[in-house]
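Novice: Okay, here's the prediction I keep looking at, along with the sequence it came from:
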Amino acid sequence: MPVLRVVVLWHQHQPYYKDLVTGEYRLPWVRLHALKDYYGMVKLLEEFPQVHQTFNLVPSLIAQIQDYASGTAHDPFLRVGARPAPDLMPAERRFALQYLFQANAEHLIGRYPRYAELWGRFQSAGSSPERAEAYFQAQDFTDLQVLSQIAWFDEFFLSEPEVAELVRKGRGFSLEDQKFVIDRQRELINRVLPAHADAAKQGRIEISTSPFYHPILPLICDTNAGAASTLGLPLPQNRFQHPEDAREQLQRGLNLHEKVFGVRPRGVWPSEGGVSEEVIKIAAELGVSWMATDEGVLSRTTGMSFMRDGQGRLPDVSAEKLYTVHLYENGPTRMHLIFRDHAVSDLIGFVYSGMPPKEAVAHLMRNVKESAQPVLNAGRDAMVAIILDGENAWEYYPESGREFLRRFYDALQKDPSIEAVTASEAIERERNPNILQSLVPGSWINANFNVWIGAPEDNKSWDYLYHARNFYGQASQHVSEEQRKLALEEIFIAEGSDWNWWYGPEHHSTNDREFDELYRKHLSNVYQALGATPPDHLAQPIIGGALRPSFLPQTNYIHPRITGEMIRYFEWMGAAHYTADRRSGAMHGKVFLLDSIYAGIDRQNVYGRMDFAGPVPSGNFEIVINLESLADRSTRPRRALRLNVQVVSSKITDWNISDNGDQLRSDGADAALARNFEFKIPLALLYAEPPEFAADSSSPAATKIRLRFSVWQNSLPTDALPIEGWLDLQLLPEEELMALLH
């Protein structure tokens, strides 16, 4: 009988944050993700021995984990987190307030009531460290320092007795508690690489690698590859062309992997799935037997569309082309290729976090099996490749997605028609791989390189790299071996893809400026290492004005008419307002339907408005508004409601309000959809009224309402605002809301 093989590859990667000259780590994300994701993702598979998977560890990530494990890595976030609160200088207190809340508001901060309380206090001060500082005492800072670390601990670490005791304590942490949390981190990070090595030795996982500092190899070989993928793409003024660097980056990755894990890797996930025929030739010459990239590259190579129907299914002929192992053959070059199912991978990365885990896994398993069915029906084995980021997605799932993963792995293990295998196992068992004699260059994002080249910021960064690389070629012959090595290492770091990920219009994070400064620092270090003064242009930011999400609190009662017909500016003046940035941070592939949301109260009602990023979506969809009323310092809502709105052909066909599944009378409520969506719901339905109108009650009065807006298509959540957490409305008299303006 034909077999369905599922290949899951988790790509583990962080940029290289270390300044080689100072030894300082500019940002903390290697340390924090080493605490939260890397160990547990592998450890979890011990519960499912029949589920084999592939983990791709980027070499520069391995090197940074080793630094933290040895105790030689230092970052300012760790330093401020470790300093006793009474000893914090004013600048350190403001740093703590600015950066120790950099975590998912719902699943990391909101999981710990005291952390959420401190976060709320910071937000109430306008998210300004300077204004908030006056409202934080020494104990508040100690609690923030401790909880901002614990929030990133893996689920397995949280269950250990000493850590669990701190979690139960909840607040009022001592300096000894603070020291324990800081000291424990090194011991926990020390478990990460051995856990991978042990799992690989037992045959439960395969570990693949990437080029050392995660460069886009086709662009390092030749920046003109950008225009080969996108005709007419604006290119940098100077053509960067260093295939010898691409070879060295890949060679170093293979060597480090062998040194750390005792075996040479067979496979490579090229950075961002970036492939070209030149890159494949280099990899084959270095002994690599397989590489993986996205289905879009296969689509452009074969000229076959992989457009799916409304249920996410491919036409039979497309499914037969995608769901198999491929073998690239061109002269002496041979390379097995695996192409990821883009749709299924993105469902895990962006959609299933918004669903109950049981429903999400049922949908995933059904999707995988139905996708591969045309191949099985033809009497051939099928292979579905699920490849995605193995760390960032879990911040959007409760408890790092562990219930979802356990249910998924359990379903894979119990289904007799499925084999969950590593990439190499799938290749070994494939009897008739599909032969490819050519390959169109591309990456996993739109089968081109436009994220990393073409935009003015991107091209400027390539030109700066070109000049630094040329200067190295001219000056390196006249300095010591130590200087040459340091300068070349800085060039290799600057070749990494992560800097250009944040340049251009596609992505941003709260650390955009830090990434820009760090990139220019690496280039500056090239000149300094060679005994020269860096050029003036490296002192100026490359990055332009960054689009960021914006939030404004409610400052007046509002009384809008609910029509959805047009945006009536004055009726919504004073409402709380959240605008999406519509750029996807460290994760790429998110669908953006929503542009902004508004909400506000008056004496009787709560009102909301949702503006779309473009026209109202065509087809059938559902609008869901979640509303909760809460009292001070309580994380349990007094009442949680759900407004469900069914839309067919851009018209509302039905809507209702429910409480835990039970439909309520909606007297006084209203909903409308035209150019935008608007609603009102009586405050009484939420057991919430502004204080001067609230009746006496034995239960604590509600002090705020929080809302979350989302759009669902085909029973899946497609987009939501806020991206993290909730939009909060304070239940205050109007004169107190107006005072927030000042």
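Specialist: Thanks, I have it.
Novice: Please enumerate residues in contact with stretch 307-327?
Specialist: Stretch 307-327 is touched from outside by 295, 298, 302, 304-306, 334-339, 341, 343-344, 367, 370-375, 378, 380-384, 426-427, 430, 433-436, 619, 714, with contacts defined as Cβ atoms under 8 Å, 6 or more residues apart in numbering. C-betas here are computed from N, CA, C, even on glycine.
Novice: what about 7 Å?
Specialist: Outside of stretch 307-327, the residues that reach it under the criterion Cβ atoms under 7 Å, 6 or more residues apart in numbering are 295, 298, 302, 304-306, 334, 336-339, 341, 343, 367, 370-372, 374-375, 378, 382-384, 426-427, 430, 433-436, 714.
Novice: Type out the PyMOL command that picks the buried ones from those residues.
Specialist: Selecting in PyMOL just the buried members of these, where the criterion is 16 or more other Cβ atoms under 10 Å, is done with this command:
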select buried, resi 295+298+302+304+306+336+337+338+339+341+343+367+371+372+374+375+382+383+384+426+427+430+433+434+436
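Novice: Among the contacts of stretch 307-327, which lie within helices?
Specialist: Restricting these to those inside helices, with DSSP state H as the criterion, leaves 295, 298, 302, 343, 367, 370-372, 374-375, 426-427.
Novice: Of those, just say which sits nearest to residue 361.
Specialist: Top of the list for closeness to residue 361, among the ones in helices among the contacts of stretch 307-327 and by Cβ to Cβ, is residue 367 at 10.4 Å.
Novice: wait, isn't the closest one in contact with residue 344?
Specialist: Yes - A contact is recorded between residue 367 and residue 344 when judged using Cβ atoms under 7 Å, the distance being 5.9 Å.
Novice: Skip ahead from the lowest-mean-pLDDT helix or strand in the chain and say which helix or strand is next.
Specialist: Of all regular secondary-structure elements in the chain, judged by mean pLDDT, DSSP states H and E, the least confident is strand 550-552 with a mean of 72. Sequence-wise, the next helix or strand beyond strand 550-552 is strand 576-579, with elements assigned using DSSP states H and E.
Novice: so what secondary structure elements neighbour that following strand?
Specialist: Helices and strands touching strand 576-579, as assessed by 3 or more Cβ pairs under 7 Å, 6 or more residues apart in numbering; DSSP states H and E, comprise strand 550-552, strand 594-601, strand 727-730.
Novice: Need the winner for burial among these.
Specialist: Using mean count of other Cβ atoms under 10 Å, the stretch among the helices and strands packed on strand 576-579 with the greatest mean number of neighbours is strand 594-601 (a mean of 24).
Novice: what about that strand, average pLDDT?
Specialist: Taken as a whole, strand 594-601 has a mean pLDDT of 91.
Novice: Could you do stretch 84-98 as well?
Specialist: The model assigns stretch 84-98 a mean pLDDT of 95.
Novice: how distant is that stretch from the center of its chain?
Specialist: In terms of Cα atoms, centre = their mean, to the nearest Å, the centre of stretch 84-98 is set 28 Å apart from its chain centre.
Novice: wait, what's in contact with residue 290?
Specialist: Under the criterion of Cβ under 7 Å, 6+ apart, the contact list for residue 290 reads 266-267, 335-336, 338, 423-424, 427.
Novice: And the strands in the stretch 401-550 of the chain?
Specialist: Taking DSSP state E, counting those that start in this stretch as the test, the strands found in the stretch 401-550 of the chain are 418-421, 434-436, 550-552.
Novice: how about CSV for the ones you listed, with distance to residue 155 added?
Specialist: Putting those into CSV (distance: least, Cβ to Cβ, whole Å) gives the following:
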stretch, distance to residue 155
strand 418-421, 21
strand 434-436, 40
strand 550-552, 30
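Novice: So for residue 446, which of those sits nearest?
Specialist: Comparison of the strands of the stretch 401-550 of the chain against residue 446 by Cβ to Cβ identifies strand 434-436 as nearest, at 20.0 Å.
Novice: residues making contact with the closest one?
Specialist: By Cβ under 7 Å, 6+ apart, the list of residues contacting strand 434-436 from outside reads 301, 324, 326-329, 337.
Novice: give me that answer again for 6 Å
Specialist: With Cβ atoms under 6 Å, 6 or more residues apart in numbering as the contact definition, strand 434-436 has outside contacts at 324, 326-329.
Novice: Looking at the residues you listed, which are in strands?
Specialist: Taking DSSP state E, the ones among the contacts of strand 434-436 that sit in strands are 326-329.
Novice: And those residues, which is closest to residue 213?
Specialist: The shortest distance between residue 213 and any of those, using Cβ to Cβ, involves residue 328 and amounts to 25.2 Å.
Novice: Now for that closest one: which residues touch it?
Specialist: Going by Cβ under 6 Å, 6+ apart, the list of residues near residue 328 reads 280, 335, 337, 436.
Novice: Just put the residues you listed in a markdown table and tack on pLDDT.
Specialist: Supplementary listing: these in a markdown table, determined by pLDDT from 0 to 100:
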| residue | pLDDT |
| --- | --- |
| 280 | 98 |
| 335 | 98 |
| 337 | 98 |
| 436 | 97 |
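Novice: Nearest to residue 60 among these?
Specialist: The shortest separation between residue 60 and any of these is 22.1 Å, and it belongs to residue 280 (by Cβ to Cβ).
Novice: What separation do you get for the closest residue to the closest one other than its chain neighbours and residue 282?
Specialist: Distances taken as Cβ to Cβ, 6 or more residues apart in numbering place residue 335 nearest to residue 280, at 4.9 Å, with adjacent residues excluded. Here the distance between residue 335 and residue 282 works out to 10 Å (Cβ to Cβ, to the nearest Å).
Novice: Overlap of the contact sets of the two?
Specialist: When Cβ under 6 Å, 6+ apart defines a contact, no residue borders residue 335 and residue 282 alike.
Novice: Helices along the stretch 351-500 of the chain, start to end?
Specialist: Counting by DSSP state H, counting those that start in this stretch, one finds helices in the stretch 351-500 of the chain at the ranges 357-377, 402-414, 423-429, 456-475, 481-494, 498-502.
Novice: Mean pLDDT lowest where, among those helices?
Specialist: helix 498-502 (a mean of 89).
Novice: thinking in terms of the whole chain, how far from its middle is that one?
Specialist: Between the centre of helix 498-502 and the centre of its chain there are 14 Å (Cα atoms, centre = their mean).
Novice: Tell me the helices and strands packed up against it.
Specialist: When contacts are defined as 3 or more Cβ pairs under 6 Å, 6 or more residues apart in numbering; DSSP states H and E, helix 498-502 sits against helix 512-529.
Novice: Could you rerun that using 7 Å?
Specialist: Judged by 3+ Cβ pairs under 7 Å, 6+ apart, helix 498-502 is in contact with helix 456-475, helix 512-529.
Novice: Return the most buried member of those helices.
Specialist: Most buried of the helices and strands packed on helix 498-502, by mean neighbour count (mean count of other Cβ under 10 Å): helix 512-529, with a mean of 21.
Novice: and that one, average pLDDT?
Specialist: For helix 512-529, mean pLDDT rounds to 90.
Novice: One more: stretch 56-70?
Specialist: Mean pLDDT, stretch 56-70: 97.
Novice: Contacts for it next, please.
Specialist: So stretch 56-70 is contacted by 9-14, 16-18, 30-31, 34, 73, 186, 189-190, 192-193, 196, 207-210, 212-214, 252-253, 256-257, 260, 269 (Cβ under 7 Å, 6+ apart).
Novice: pull the CA atoms of that stretch into CSV?
Specialist: Written as CSV, here are the backbone C-alpha positions of stretch 56-70 (Å, rounded to 0.1, in the frame of the first residue of the first chain):
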residue,chain,number,x,y,z
ASN,A,56,17.8,22.8,11.5
LEU,A,57,20.3,24.6,13.9
VAL,A,58,22.0,27.6,12.3
PRO,A,59,25.7,27.5,13.2
SER,A,60,25.9,31.0,14.4
LEU,A,61,23.1,30.2,16.8
ILE,A,62,25.0,27.2,18.1
ALA,A,63,28.1,29.4,18.7
GLN,A,64,26.0,31.9,20.6
ILE,A,65,24.3,29.2,22.7
GLN,A,66,27.8,27.9,23.5
ASP,A,67,28.8,31.4,24.7
TYR,A,68,25.8,31.6,27.1
ALA,A,69,26.3,28.1,28.3
SER,A,70,30.0,28.8,29.1
